[in-house]
Each structure stands twice: as C-alpha cells, then as structure tokens.
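# show me how the following folds:
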Amino acid sequence: MGLALVQSRALLGLAAPRVTVEVHLANGLPSFTLVGLADVEVKEARERVRSALLNSGLEFPSNKRIIVNLAPADLPKDSGRFDLPIALGILAASGQINGDALAEYEFAGELSLSGALRPVRGALATALALHRQQDGARLVLPPGSAQEAAFVPSAQVFCAHHLLDVVRRFITRSANALVQTEQDTDGADATDNGEDADGAHDIDSTDSTDSTDDLPAASDARPCPGPGWHAVQPQPAAPVRSSLCLAEVRGQAQARRALEIAAAGGHGLLLVGPPGSGKSMLAQRFADLLPPMSDDEALEAAAIASLAGRFTPERWRQRPTASPHHTASAVALVGGGSPPRPGEISQSHHGVLFLDEFPEFARSALEALREPLETGQITIARAAQRCEFPARFQLVAAMNPCPCGHWGSTVQRCRCTPDKVARYQARISGPLLDRIDLHVEVGALPPQELLAARSGETSEAVRERVVQARALAVQRQGSANHQLQGQALDDHLGLSPEALAFAHKAAARLGWSARSTHRALKVARTIADLAGSAAVETGHVAEAMQYRRVLRLPS
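Next up is the predicted model:
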C-alpha cells in the first residue's frame, strides 16, 4: 500500500529537532504499531487518532497493517503533539489527502476523540528553532499554540481548530465525495467544527491541485477568529509594570542603593537582616527596576516559558520572576526529568530568581547555582541524553543572620548562641557567597523612625538611571558589567591609578580571592556608570567594597 511522510518537531531544550512521521499501510493482519522511542503519551495516540478520524467522517484503514515510525529513532518523543501528523500520515498513505502537499508544512497538535485540536506545550520554542535555523517551513498548530508561536518574527503560522480544517487543504477528489456523504448523513457536528461563517472552507470547493495556492498571506494574518484555517500574527499587549513601587519602602537607603546598582549592572544581591526589616519588599520590587527587554531576550524568555507551559501573551516582554519555596529540590531549580524540562533558574532567564530564606534551601540545591551564576547556562546530563538550557538570571537572596533572626539587631535581643549562629550561616558555602556580587545588611528600623520616614524615590525614577547606566555599559562593551570576564574586564574597567592602588591594598588586607576582587571591581564599574564617569575612581571602588562584606560571625 502507501507510504507517507509528515514533518513535525520534538522538544529537546530550545533546539526542537525535526521529527519525520513515516506512515506505512500494508496488507496483513490488521494492527496499529507505533515505533521510534515514543513515550506513553505518544503511544496513546493510536486510540485518539482512530476515534478522531472516525468521528470526523473520515476513513480509518482498519483492515490494514499500519506502521508509524517517528524518526530519528534514538530521539525521545513525548506529549500528544504528534497526534495531528500521525492522523495526516494515515490519511495521506490511504490516499484520502494529497501527501505531496504536506511537505511544505510542519504539524503539531493533540487530537480529541471528536477531532478537535488541543494546544501543545512548547509551540513558541518550536517556532524559535525554525527562526534560528532559517527554515522556511510553515507551522500548523491548534488555537492557543498558534498565537504563541506567532510571536517569533518571520514565522509562518496557521491555526486550525479541527482535523477537518487541515484535511480540507489537502483532500483529494475521491475522498472529498466520501467525506461529503458522511457529513450529509450524520456528520453535521463535524462540519460545524470545520466550517467558518463565510463558508470559505466548504469541502466541495477544495481541490488537490489548488489546495495550497489559496492560503492566506502572512500580511493578512490575524489571531484565530473562529473555526477554520487561518494565518496568525501576534497581538502582544503593552507591557504592564508592577503595581509595587519602591517608594513604598521607607528608610533603608543603603539597601535601595544596592538594588539600583544591582539592576544597572546585572549583579547578584544578598539581603541579610532580621524579620520584618523589608527584605522581601525590596526583592519584590526589584524586577520593575530592570531595563526593558530586547527582542532576543523577550523571545528566549518566552520560549522557555513555553517549554514549561507557562507562557501567556499578557506577559510578553515582562521580566520573569521566579520565587520557589525553600523546600524546592535541586532538580526543581536546575531542571530535569525525561525528557529534560527547564527548572526555576532557566524560567527566570533574563529575569530575577528570588530565593527567600536562603539558608533553608537544601545544600545540593544551593550548590547547583554556582555554575549557572558563572556561565549563564545549565547543562542537564543524563545517561540517554544531554540538554542545555540558558540560565542568565539575576539572583536576589534574602536571609536572617541567625535562626531567631535578631543577631546584631538594636531592636530585639538575639536568643541564639554563637555556635548556633555560626552553624546557621555556614549553610551557605564560601564559593557560593563569593559568586554573589553585593552583600547588604538590612537593619530593622525602630517604630518611631519608620513612621517618621518619608517615601523614597519611585521605581520609575530609579529605572531611568538604571537604563542610562546599562546603555553606557552596552555601548562600551556590548554587555552588562557583570558579564565582563578576563581580558574584557581589563579593557573596559577603566581604573584610575589611585583606584587601582586602593583596590590592591584593600583586597590584601581583607584577604579576598581573585574572584571577590574582580567582582568588586565590576560593581565599581557599575557605580561609575551610574555617576556618568568614564573612569573608575577611588570613591567608586570604596563604595563597591562596602557591598562585599561577608556574613559576620560572632566572636
């Protein structure tokens, strides 16, 4: 009998490798075999596809031996995204649709038993992979997934609500009569699902020779307005700023300043202070201080959210903020599973990862942050496969100085012994602390001072200075200051001779490592950018070193 090939995509990080769905119909004992390292959800497609074809008024070749191969065979496949290409492959192999016309398209979609298409995870990541590979293939996706994928520039995305909406584009004349007969007798519901208000998709008017010539152009694209086959273009909402404003934080001038420096240079930040001192308030308002996202940043962040099933058009171009609970495991933070999925650190890519109660996280989870803080990516290696996810996030951590939280407080007395304080602070390793650029003490304000304090600057005013400082850094070196490494740090630091001598003397006296010294100098470069200075002066280095104070252990 017939052989048909239909193109689709799997999900493996942001790569989205191509999968060819090969369908062969042969004589022999009736069977439906699916091979190609398919997960349980993919194998269940046999029953979904069978019911969808029959309930849509199409012919299922139940008297044939059906073999479906998902190539390449060594690539794991999961989810119900292959339902639609498998159904189309069976129809093409049995001669009901024009198989040659399918070659220009890639399909993904889960089928309901009635033939309706349901959204799939990772549609935007799939479209982004096509964009980066400069593949001109057209994507056919269900509602929801199509609008998501259309955010990728130059993507040719088409939305179909029902299996019949796709079949009408490729149906042959002989199958046309069969489907029309079924619809006249008992397929009225299926027709309603596949026909638009204008009758533009009347199945009688579709022909195998011109079924792909009358596709709507990308310039006419619009989000799926109703049943039928439609080209789609995104309608992103205007970025919505958070209603939380930095002006609501009273006092805490040093912590507010540290937030501004961290936002301008992309530096990590550790807030240390007693309960109720305002650490969480400061962290929750941090993302609103960051510069607007570029097109590439927005696409990457949205693609990762799409892989996790969290993308919504309302959050387009908004910096992601992840705040996992302190009971989160190392796998929840870095990602994992089979196939691997992004963890919290990847889902905060180009955004903020806020870890409250920092020492309460598992030691393995905290130590897993060390590599992505340096490299900006995380590699998940398993016996069967290896996957890389981007993880260039800004870490904002908050912690108490001791178990009771009042060590060093002038408001309440600490009840912890020095040994307890030392053990509590030792939960955070020195190498991890070394990778956090700014360490800030957030002291508890007395009630009378807190009530008398005036409101500070708004987030908008601070963000304006942050944007200007970040623009200076990007114009000078093409990246934020925290990304400076090696020779680039020497070329763009701009230390004055006096500042260099001061930095050497201070680092030697404090016993800092080379990493600590370099990170302090990066912070100094950001402080100079905020001041509009081309050179890093002694005052900038001195202020930066104030933010490199490690946790103070009791004597």
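
# could you confirm His350 falls within a helix?
No. Per DSSP: H, G, I helix; E, B strand; the rest coil, His350 lies outside any helix segment and is coil.

# my guess is Glu110 meets Pro142, correct?
Yes. Using CB atoms under 8 Å, Glu110 and Pro142 qualify as a contacting pair, with a distance of 7.3 Å. In this view, the C-beta of every residue, glycine as well, is placed from N, C-alpha and C.

# which residues are in contact with both of the two?
Leu84, Leu117, Arg118, Pro119, Val120 (CB atoms under 8 Å, 6 or more residues apart in numbering).

# now these as CSV including pLDDT and secondary structure?
As requested, the shared contacts of Glu110 and Pro142 are exported to CSV (pLDDT from 0 to 100; DSSP: H, G, I helix; E, B strand; the rest coil):
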residue, pLDDT, secondary structure
Leu84, 96, helix
Leu117, 96, strand
Arg118, 95, strand
Pro119, 93, coil
Val120, 93, coil
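
# and the furthest pair within the residues you listed?
Maximum pairwise distance among the shared contacts of Glu110 and Pro142 (CB to CB): 11.7 Å, between Leu84 and Pro119.

# between these two, who's got more neighbours?
Leu84 (29 against 18; other CB atoms under 10 Å).

# now do the contacts for that one.
Counting by CB under 8 Å, 6+ apart, Leu84 touches Phe107, Ala108, Gly109, Glu110, Leu111, Leu117, Val140, Pro142, Leu163, Val166.

# do Ser79 as well
Contacts for Ser79 (CB under 8 Å, 6+ apart) come out as Leu11, Asp39, Glu41, Val42, Glu110, Val120, Arg121.

# select the longest strand from this protein.
Identified as the longest strand of the chain according to DSSP state E is strand 18-26.

# other SSEs contacting that one?
Contact analysis of strand 18-26 by 3 or more CB pairs under 8 Å, 6 or more residues apart in numbering; DSSP states H and E lists strand 3-9, strand 65-71, helix 83-93 as its packing neighbours.

# leaving out sequence neighbours, find the closest residue to Leu445.
Spatial nearest neighbour of Leu445, excluding adjacent residues (CB to CB, 6 or more residues apart in numbering): Gly251 at 5.0 Å.

# element containing that neighbour, please.
For Gly251, there is no enclosing helix or strand under DSSP states H and E.

# contact partners for it?
Gly278, Leu445, Glu449, Leu450, Ala453.

# pull out the buried members of the residues you listed.
Buried members of the contacts of Gly251, counted by 16 or more other CB atoms under 10 Å: Gly278, Leu445.

# turn the contacts of Gly251 into JSON lines, including pLDDT, distance to Pro292 and secondary structure.
Shown next, in JSON lines, are the contacts of Gly251 (pLDDT from 0 to 100; distance: CB to CB, whole Å; DSSP: H, G, I helix; E, B strand; the rest coil):
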{"residue": "Gly278", "pLDDT": "85", "distance to Pro292": "26", "secondary structure": "coil"}
{"residue": "Leu445", "pLDDT": "79", "distance to Pro292": "33", "secondary structure": "coil"}
{"residue": "Glu449", "pLDDT": "72", "distance to Pro292": "36", "secondary structure": "helix"}
{"residue": "Leu450", "pLDDT": "72", "distance to Pro292": "33", "secondary structure": "helix"}
{"residue": "Ala453", "pLDDT": "72", "distance to Pro292": "31", "secondary structure": "coil"}
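
# pull the most distant pair out of the contacts of Gly251.
With CB to CB as the measure, no two of these lie farther apart than Gly278 and Glu449, at 12.7 Å.

# end-to-end on stretch 158-167?
Stretch 158-167 has an end-to-end distance of 13 Å (criterion: CA to CA, to the nearest Å).

# cool, stretch 288-295 as well?
Termini of stretch 288-295 sit 18 Å apart (CA to CA).

# over to stretch 308-318?
Stretch 308-318 end-to-end distance (CA to CA) = 16 Å.

# just stretch 347-360 next, same as before
End-to-end distance of stretch 347-360: 21 Å, with CA to CA as the criterion.

# now it: mean pLDDT?
Taken as a whole, stretch 347-360 has an average pLDDT of 94.

# same thing with stretch 132-139?
The pLDDT scores in stretch 132-139 average 80.

# which residues sit against it?
Defining contact as CB under 8 Å, 6+ apart, one finds that stretch 132-139 is touched by 7, 104-108, 123, 126-127, 130, 146, 149, 155-158.

# which helices and strands does the one helix or strand Leu271 maps to pack with?
Taking DSSP H and E as the criterion, Leu271 maps to strand 269-272. Applying 3+ CB pairs under 8 Å, 6+ apart, one finds that strand 269-272 contacts helix 253-265, helix 279-284, strand 394-399, strand 438-441.

# okay, Glu297: pLDDT?
Per-residue pLDDT puts Glu297 at 90.

# rewinding a little: kindly format the C-alpha coordinates of the strand holding Leu271 as CSV.
What follows is strand 269-272, C-alpha atoms only, in CSV (Å, rounded to 0.1, in the frame of the first residue of the first chain):
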residue,chain,number,x,y,z
LEU,A,269,22.3,40.6,45.6
LEU,A,270,22.1,39.1,49.1
LEU,A,271,20.0,40.9,51.6
VAL,A,272,20.7,40.0,55.3
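
# just the residues contacting that strand, thanks.
Contacts for strand 269-272 (CB under 8 Å, 6+ apart): 255, 258-259, 262, 279, 282-283, 286, 358, 394-401, 433, 436-442, 551.

# swap in 7 Å and give it another go.
Contacts with strand 269-272, where a contact means CB atoms under 7 Å, 6 or more residues apart in numbering, come from 255, 258, 262, 279, 282-283, 396-399, 401, 436, 438-442, 551.

# over to stretch 288-305?
Contact with stretch 288-305 is made by 14, 124-125, 128, 151-152, 241-242, 244, 259-260, 263, 311, 316-317, 319-320, 342, 346-347, 349-351, 389-390, 459, 462-463, 466-467, 470, as judged by CB under 7 Å, 6+ apart.

# from the residues you listed, which ones fall inside strands?
Cross-referencing the contacts of stretch 288-305 against strands under DSSP E gives Pro342, Phe389, Pro390.

# helices of the stretch 301-450 of the chain, residue ranges please.
Using DSSP state H, counting those that start in this stretch, the helices of the stretch 301-450 of the chain run over 330-334, 344-347, 363-367, 370-375, 418-425, 430-434, 447-452.

# er, the stretch 151-300 of the chain actually
Remark: helices assigned in the stretch 151-300 of the chain by DSSP H, counting those that start in this stretch are 163-170, 173-185, 188-194, 253-265, 279-284, 295-307.

# least reliable of these going by mean pLDDT?
For the helices of the stretch 151-300 of the chain, mean pLDDT drops lowest on helix 188-194, to a mean of 40.

# which one of the helices and strands packed on strand 18-26 is the most hemmed in?
Ranked by mean neighbour count, the helices and strands packed on strand 18-26 are led by helix 83-93 with a mean of 28 (mean count of other CB atoms under 10 Å).

# now for the following helix or strand past that helix, which elements pack on it?
Counting by DSSP H and E, the next helix or strand C-terminal to helix 83-93 is strand 105-107. Judged by 3 or more CB pairs under 7 Å, 6 or more residues apart in numbering; DSSP states H and E, the packing partners of strand 105-107 are strand 3-9, helix 83-93, strand 138-141.

# Provide a list of residues in contact with Val21.
Contacts for Val21 (CB under 7 Å, 6+ apart) come out as Val6, Ser8, Val68, Leu70, Phe82, Pro85, Ile86, Gly89.

# ok, now how distant is Ala125 from Phe389?
Counting by CB to CB, to the nearest Å, the gap from Ala125 to Phe389 is 11 Å.

# which one's more surrounded, these two?
Comparing Ala125 with Phe389 by other CB under 10 Å, the one with more neighbours is Ala125, at 30 against 23.

# show me the contacts for the more buried one.
With CB under 7 Å, 6+ apart, Ala125 has these contacts: Leu11, Leu14, Ala16, Ala303, Ser306, Leu307.

# closest to Ala503 out of these?
Using CB to CB, Leu14 comes nearest to Ala503 of the contacts of Ala125, at 39.2 Å.

# in contact with that closest one, which residues?
By CB under 7 Å, 6+ apart, the contact set of Leu14 is Ala125, Leu128, Ala129, Ala303.
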